[in-house]
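In: How does the following fold in three dimensions:
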Amino acid sequence: MTQPAYYEYRHLVGFEETNLVGNVYYVNYLRWQGRCREMFLRDRAPDVLADIRADLKLFTLKVDCEFFAEITAFDELSIRMRLLDLTQTQIAFTFDYVRLGPDGSETLVARGQQRIACMRGPNTDTRPTRVPEPLRLALVPYSVSGTASSRMLTTTAG
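Out: Numbering: from 1, shown residues only. Take a look at the predicted model:
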């Protein structure tokens with residue numbers, strides 16, 4: 001069985017994530033992006049967690065989300081993260097929000113993007129730093145295109 005070209009975080013929508021008419025608050029889509037990214041680090045790049053506990057910071061520079069269909073409480077979602085772009089100090093992800101039907105159907109309900117920067121130093125004096133090697137390597141299988149993967153491996157020197 002081959003590994004999918006995305007990292008998947010599964011989520012069951014709860015009532016607390018909806019508004020009075022039962023639709024999911026938009027801010028939750030952004031929270032799920034962050035949660036997916038966190039679970040990726042835990043599952044695929046655990047060495048980076050120790051680095052974060054030291055002085056590595058992953059600053060979110062930009063997030064967005066485009067909505068295609070409403071979701072409500074008890075919808076089961078698959079949030080699928082892919083690597084969109086990688087530079088020496090920044091990473092861009094894309095997220096597909098897919099509603100999973102009880103019959104096995106899948107419906108794309110939203111799509112989002114996120115760009116983060118790697119920084120080091122105390123909060124009063126942070127500076128850009130290279131994306132850690134364990135994170136670069138963990139991202140390779142999830143690249144949207146071969147370009148990001150090859151660039152990941154060639155920007156690690158120096």
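In: hmm, who's touching stretch 57-65?
Out: 26, 29-30, 33-34, 37, 52, 90, 95, 110-120, 126 (Cβ atoms under 8 Å, 6 or more residues apart in numbering). Every residue, glycine included, has its C-beta placed from N, CA and C.
In: Restricted to strands, list these.
Out: Counting by DSSP state E, the contacts of stretch 57-65 place 90, 95, 110-120 in strands.
In: of all those, which comes closest to Arg136?
Out: Cys118 (10.4 Å; Cβ to Cβ).
In: Buried by neighbour count: which residues of the longest helix along the chain qualify?
Out: Ranked by residue count, the top helix of the chain under DSSP state H comes out as helix 26-44. When burial is assessed from 16 or more other Cβ atoms under 10 Å, helix 26-44 yields the following buried residues: Asn28, Tyr29, Leu30, Trp32, Gln33, Cys36, Arg37, Met39, Phe40, Leu41, Arg44.
In: Quickly find the element holding the residue lying closest to the fourth one once chain neighbours are set aside.
Out: Leaving aside its chain neighbours, Trp32 sits nearest to Ile79 (5.1 Å; criterion: Cβ to Cβ, 6 or more residues apart in numbering). With secondary structure defined by DSSP states H and E, Ile79 is part of strand 76-86.
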